[in-house]
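**Q** what shape does this take:
(3 chains)
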Amino acid sequence: MELFLHQIFSGLATGAIYAAVALAVVMIFLAIDHFNFAQGEMAMFSTFICWALIDAGLPYWLAFALTIAISFAGGIAIERILFRPLHSAPVLSHIIAFLGLFFILNNGAGWVWDFTIKPMASPFPEGSIGGLIGYHEIGMIGVVLVMLALLYLFFRFTSVGLAMRAAAQNPESAKLCGISVGWMIALGWGMASAIGAVGGILIAPVVFLEPNMMLGILLYGFAAAIVGGITNPAGAVAGGFMVGVLENLVGTYIPFVGSELKLTVALVLIISVLMVKPSGLFGRTTVTRV
Amino acid sequence: MAAETQVTAQSVNPERRIAGLTADGWRCTATAIAILVAVVLPWTLGSFQTFQITLVLIYAIAILGLNILTGFNGQFSLGHSAFFAIGAYTTAILVERYGVSTYLTIPVAGGLGFAAGFLFGFPALRLSGLYLALATFALSVATPQLLKYNHFEDFTGGVQGINLLKDSAPFDLPFSVDQWWYYVTLAITLFTFWMARNLINSRTGRAIMAIRDNPIAAATMGVNTALYKTLTFGVSALLTAVAGALSAIVVEYVAPDSFTFVLSVYFLIGLVIGGVGWIPGAVIGGAFVLYVPNLAEGISTGLAGVLFGVIILLVIYLMPSGAAGLVRLGITHLRRRLDRDNNKA
Amino acid sequence: MNRRLALAVLTIAGLSLPAAAMAGTYDTGATDTEIKIGNTNPYSGPASAYGQIGKTISAYFDTVNAAGGINGRKINFVSLDDGYSPPKTKEQFRKLVESDQVLFVFQSLGTPTNSAVHAYMNREKVPQLFVATGATKWGDPDNFPWTMGWQPNYQTEGRIYANYIKQNLPNAKIAILYQNDDYGKDYVQGMKDGLGSMAGKMIVAEESYETTEPTIASQIIKLKASGADVLFNVTTPKFAAQAIRKVAELEWKPTHFLNNVSNSVGSVMNPAGAENGIGIISSFYTKDPTDPQWQTDAGYKAWSDWMDKHHPDGDKKSSFTVYGYTVAQTLVQALKQCGDELTRANVMKQAASLKDLELGMLLPGIKINTGPKDFFPIEQMQLGKFNGTSWELFGPVINGEVGS
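**A** Residues are numbered from 1 along each chain as shown, chains lettered A, B, ... in the order given. Have a look, this model is predicted:
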């Protein structure tokens, strides 16, 4: 029983990691109808910026705020400079551009900050509740939920949020309503980048900061977003926790899977959810117009 | 989606002659020259360079496989490293564990690749566009883990991988081992490219492309989309598995670390660089993924990855349709010039 | 003199002299003025942390060259990226041997990568010298006379811990956490061999992880639940730090054995939280540059000065820079012994004739010894216990047993 409880809580803790990434994945999908394969690397790069700022002597929260601002601006810049010119290029070109960005950020971070692991400060106190779940993990879950709430408010009640949804769902009509679709997309990039930065900064104290930090996490983030519904931020967060817990339970209680095939579990999850319910467990089915 | 980058050589009037040759005539000439160069090349190169161009051809076959799926059928895959691994491991296991002749393992690898691709094609049916890219991405990330799996270790050699030795040229042919395997690979490459061309130009090929361009219309016209899509997946995986088998032989070693998702990424990059939906582009793509990382490394070891990324982005910007677009542009340019000359005369 | 001019003069001199008048005997890759050495390292891709080693070696050879080279010959070190991908390694090795025409390849990194070229190098009779991996198969002079390892092999280290457990904790219940690759499995094998018939009874749980996994918390929880009182931690730095912290968080107090790969104070113990690591046992053959006890040591100071002056980009907290520095020194010694006979056979012969070589960053008492039948240069280690700031070495210098 103790083992079971521990695995559940540890799953929730890792689930928070996946949820944070999944949120960024959903955000960019809402803006551009794409998965960003460089999302993880962008978050990693932001985290390095935060680390460098703290290392340079800035107080934690100032570095945190600055990093979010830089990431937001950086996301917009990437959209304007790199992806704007590819606006009408085929999807495949976008994927390749994401991969190019991936190589640049990953190798660039290694070049600037090298590949040794760096401990990242946590804003939360050390220690844990009865060894079940650390304060940092609890804090992380809290931050993810707050981000989710803010996103909900943003999309539901602000005119910009509304305009952004319109721009993503029906760019033609949105344009006719006077919405600058291009800038809405850029805004989406900025927000996804900022959310990713928050995620990265919170993940790094758990997994340690290094350029390849997000490689495995991104796949789980995708899995979480898919399971929860790619267009639904709340679903993605729930998906993150589900993947985290499920992965631990499967790894613990199904003998032939064990720890050896934990990653494969994420693969099976992605494919089976996509097969059975492509819109995710909490997603709405979208109907494509012919 | 991919339709915009498709090269439609057919748009040229077949009867129209340029410098005395029809479009088909030009294509035949270009192909003949390319084959001639490919045959002569190893005699002008050292054994290492021969080994390298063999690898280029192997990549080209794999990229061709991906091209049939993505370029002509519109299904994305970031998971072709898995099929490559199936081919490589089939050959390695058959040769090393069961003493099967190396040559025989290549069709077996292709067959298994076809089966695996065909089966993966079924879940793929329900996934479109980016979702399929994601599912296949997951497949390629999980591949090394599956290859290491404890219970298969007796077969796969687990993390240690399998060493094998390539046969030297039979019948005392005057080829070095590298030259011999280059020619075997070249023969297989030519055969697969010829088959691919015939497939695309056939009735089946038109059905495959119709599904890409407008699945609903294709279905209305009586095309069995499900069957064609799974079959295309199978054929695509077959080619990639054959490439994998050749790579196991030529590199003489297989290990889980040889088949990471980076390999899938390279295939995809090669595909886009060569030109989506243009068959000869696969060779250019193969050369790109083999030589450009070396080139980037030659400029700066520490920044090789950054440079590689920048080069990829530049290519996407400067020639969005890959080498195919460049060739098409060259042809148009040439034709215009010739026309002008003709008018003058 | 202008360097290009010097080179031209030397070339002309080389051309005009008849071969018999030259000072030495050479194979491809060596001349009167140069020794060409090849290398592969993962400068890109997921294993790029190890790229530090190649960069350090390169910097060290630059220093050697600036001081006049080895027996008057400059080292031309060609280090290529293989991204830790075996097929790429094969390509790069063939480039080095056939196109760049190196005398030998030195310190190529990784087990799967070196496995891909193991047969090739022995077929071509080109030395694959001091490979950067601790697998046991590199010390097999009968079957692979052209390949030699350098560091203590993983199995030996596993046995050292096994012997310690047998002597001091005879009733131990052992849990093992290992990375699911050749490196992890070699350690587990060493531990099992060392425990012998007791292995089945003493080892109560084994868990593996993949390097792509975000965290290993779940594995640690499972291991704790097995009721084990000894943890054998076979992980790379990032996961070692995670494991140490998680064990502390779970308030699990096993006797914790940590593999040498991850016992750096600066890049593992401190990030993991120094107080969490108190009592952990590990084994050593080099001095940890981040360990305060060496700050006044002459060998450490020499390394530290060299780092500041000649390799300022290198990470002084990383064990990789120490590793690269020490292995480069080992090679320099072997090449010095070659004298003017720079043939591939002689390079192997001299590499296999290192006698009681002591180097600045090796622990006191640890000597490099090789012989025609002994292709394991470093076979000694010493155990140490972490006290919160540094490793307290204890017990004698232990000799390894595998293959010697």
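
**Q** near chain C, which residues of the stretch 151-300 of chain B?
**A** For the stretch 151-300 of chain B, the residues in contact with chain C (C-beta under 8 Å from any C-beta of the partner chain) are B:158-161, B:163, B:165, B:247, B:251-258, B:260, B:262-263, B:290, B:293, B:297. The way it works is simple: take the backbone N, C-alpha and C, and place the C-beta from them, glycine included.

**Q** separation between C:His311 and chain A?
**A** As judged by C-beta to the nearest C-beta, to the nearest Å, C:His311 and chain A stand 13 Å apart.

**Q** where's the residue lying closest to that residue once chain neighbours are set aside, which helix or strand?
**A** Excluding its sequence neighbours, the residue lying closest to C:His311 (C-beta to C-beta, 6 or more residues apart in numbering or on different chains) is C:Ala59, at 3.9 Å. Assigned by DSSP states H and E, C:Ala59 falls within helix C:51-66.

**Q** repeat for B:Ala30
**A** Counting by DSSP H and E, B:Ala30 is found in helix B:23-44.

**Q** mind listing what's buried in that helix?
**A** By 16 or more other C-beta atoms under 10 Å in any protein chain shown, the buried positions in helix B:23-44 come out as B:23, B:26, B:38, B:42.

**Q** does chain C have contacts with the helix or strand following that helix?
**A** Of the helices and strands lying after helix B:23-44 in sequence (DSSP H and E), the nearest is helix B:47-67. Yes - using C-beta under 8 Å from any C-beta, we find that helix B:47-67 touches chain C at B:47-49, B:51-52, B:55.

**Q** now, which of the residues you listed sits nearest C:Thr330?
**A** If you rank the residues of helix B:47-67 next to chain C by distance to C:Thr330 using C-beta to C-beta, B:Phe48 comes first, at 28.8 Å.

**Q** what is the burial count for that closest one?
**A** Look at B:Phe48: counted by other C-beta atoms under 10 Å in any protein chain shown, it has 17 neighbours.

**Q** same question, C:Gly190
**A** There are 26 residues near C:Gly190, going by other C-beta under 10 Å.

**Q** now do B:Thr90
**A** 25.

**Q** what is the strand or helix carrying it packed up against?
**A** Per DSSP H and E, B:Thr90 falls inside helix B:80-98. Judged by 3 or more C-beta pairs under 8 Å, 6 or more residues apart in numbering or on different chains; DSSP states H and E, helix B:80-98 is in contact with helix B:47-67, helix B:102-125, helix B:129-148, helix B:153-156, strand B:162-163, helix B:225-251, strand B:253-254, helix B:261-274.

**Q** for it, list every residue counted as buried.
**A** In helix B:80-98, counting by 16+ other C-beta under 10 Å, buried: B:80-96.

**Q** please apply the same query to stretch C:113-126.
**A** Quick answer for stretch C:113-126 (16+ other C-beta under 10 Å): C:113-122, C:126.

**Q** same list, the residues you listed, but as TSV with pLDDT and secondary structure please.
**A** Below are the buried residues of stretch C:113-126 laid out as TSV (pLDDT from 0 to 100; DSSP: H, G, I helix; E, B strand; the rest coil):
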residue	pLDDT	secondary structure
C:Thr113	89	helix
C:Asn114	91	helix
C:Ser115	89	helix
C:Ala116	89	helix
C:Val117	92	helix
C:His118	91	helix
C:Ala119	89	helix
C:Tyr120	90	helix
C:Met121	92	helix
C:Asn122	93	helix
C:Val126	93	coil
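
**Q** list just the nearest of those to chain A.
**A** C:Thr113 (17.1 Å; C-beta to the nearest C-beta).

**Q** and the closest residue to that closest one other than its chain neighbours, what does it touch?
**A** Leaving aside its chain neighbours, C:Thr113 sits nearest to C:Thr89 (4.0 Å; criterion: C-beta to C-beta, 6+ apart). Contacts for C:Thr89 were tallied using C-beta atoms under 8 Å, 6 or more residues apart in numbering or on different chains; they are C:40, C:82, C:108, C:110, C:113-114, C:116-117.

**Q** could you redo the last one with a cut-off of 7 Å?
**A** Going by C-beta atoms under 7 Å, 6 or more residues apart in numbering or on different chains, C:Thr89 touches C:40, C:82, C:113, C:116-117.

**Q** so where is the stretch 1-150 of chain B shaky, pLDDT-wise?
**A** Where the stretch 1-150 of chain B drops to pLDDT under 70, the residues are B:1-21, B:150.

**Q** apply 50 and report the result again.
**A** By pLDDT under 50, the weakly predicted segments of the stretch 1-150 of chain B are B:1-12.

**Q** what's the answer for chain C, then?
**A** In chain C, residues with pLDDT under 50: C:1, C:3, C:5-22, C:402-404.

**Q** just the strands from it, written as ranges.
**A** Using DSSP state E, the strands of chain C run over C:25-26, C:34-41, C:74-81, C:104-106, C:128-129, C:174-179, C:203-209, C:230-234, C:255-258, C:281-284, C:341-342, C:380-386, C:391-399.
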